[in-house]
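Peer 1: Can you look at this prediction? I've put the sequence above it.
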Amino acid sequence: MTPDEYCQQKAVQSGSSFYYSFLFLPRPRRRAITALYAFCREVDDVVDECTDTGVARTKLAWWRTETARIYAGGATHPVAQALAAILAVLNGLTAQDDAGGDRCGSGPRAAEVCGSAL
């Protein structure tokens, strides 16, 4: 199962109507929002499902470390891997802008241009 497939499965299993609203987005945006939503579900499930606060704290600490791995490279969880792939696209757009390109700026322009790339 690919990271994107895992994220989609996590979103579907949540039973939320959010997932169905994602289906109206263009594929790249749907992929990004599904990965972000799957991350939210993973972390929320820790809080909702762990009755032992020590276990919950350990799991949340693990997610904190995994989130750092998204930025540092080496994410191991499928949700983190999906988020890392999306961040790589965004970082590429930002690097292009830093090199003098006009692909992605900052502020409202970044949201407009980068949003169209996702």
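Peer 2: Good, I have the coordinates.

Peer 1: after the helix ranked longest in the chain comes which helix or strand?
Peer 2: Ranked by number of residues, the top helix in the chain under DSSP state H is helix 27-49. Going down the chain from helix 27-49, the next helix or strand is helix 53-72, by DSSP states H and E.

Peer 1: Can you pull out the low-pLDDT segments for this protein?
Peer 2: 93-118 (pLDDT under 70).

Peer 1: Could you rerun that using 80?
Peer 2: 90-118 (pLDDT under 80).

Peer 1: what packs against the longest helix of the chain?
Peer 2: When contacts are defined as 3 or more CB pairs under 8 Å, 6 or more residues apart in numbering; DSSP states H and E, helix 27-49 sits against helix 3-13, helix 17-22, helix 53-72, helix 78-98. Backbone N, C-alpha and C define where each C-beta goes, glycine included.

Peer 1: Columns mean neighbour count and distance to residue 31 on top of the ones you listed, output as JSON lines?
Peer 2: Listed next are the helices and strands packed on helix 27-49 as JSON lines, based on neighbours: other CB atoms under 10 Å; distance: least, CB to CB, whole Å:
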{"stretch": "helix 3-13", "mean neighbour count": "18", "distance to residue 31": "6"}
{"stretch": "helix 17-22", "mean neighbour count": "14", "distance to residue 31": "9"}
{"stretch": "helix 53-72", "mean neighbour count": "13", "distance to residue 31": "15"}
{"stretch": "helix 78-98", "mean neighbour count": "17", "distance to residue 31": "7"}
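
Peer 1: picking up where we left off before, can I get the longest helix of the chain in PDB? Just the C-alpha atoms.
Peer 2: Only the C-alpha atoms of helix 27-49 are listed here, as PDB (Å, rounded to 0.1, in the frame of the first residue of the first chain):
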ATOM      1  CA  ARG A  27      -6.300  15.400  -7.800                       C
ATOM      2  CA  PRO A  28      -3.100  17.100  -6.500                       C
ATOM      3  CA  ARG A  29      -5.000  19.200  -4.000                       C
ATOM      4  CA  ARG A  30      -7.100  16.200  -3.000                       C
ATOM      5  CA  ARG A  31      -3.900  14.300  -2.300                       C
ATOM      6  CA  ALA A  32      -2.500  17.100  -0.200                       C
ATOM      7  CA  ILE A  33      -5.600  17.600   1.900                       C
ATOM      8  CA  THR A  34      -6.200  13.900   2.400                       C
ATOM      9  CA  ALA A  35      -2.600  13.500   3.700                       C
ATOM     10  CA  LEU A  36      -3.100  16.400   6.100                       C
ATOM     11  CA  TYR A  37      -6.500  15.100   7.200                       C
ATOM     12  CA  ALA A  38      -5.000  11.600   7.800                       C
ATOM     13  CA  PHE A  39      -2.300  13.100  10.000                       C
ATOM     14  CA  CYS A  40      -5.000  14.900  12.000                       C
ATOM     15  CA  ARG A  41      -6.900  11.600  12.300                       C
ATOM     16  CA  GLU A  42      -3.800   9.700  13.500                       C
ATOM     17  CA  VAL A  43      -3.000  12.200  16.200                       C
ATOM     18  CA  ASP A  44      -6.600  12.600  17.200                       C
ATOM     19  CA  ASP A  45      -7.000   8.800  17.400                       C
ATOM     20  CA  VAL A  46      -4.200   8.700  19.900                       C
ATOM     21  CA  VAL A  47      -6.100  11.100  22.200                       C
ATOM     22  CA  ASP A  48      -9.500   9.500  21.700                       C
ATOM     23  CA  GLU A  49      -8.500   5.800  21.900                       C
END
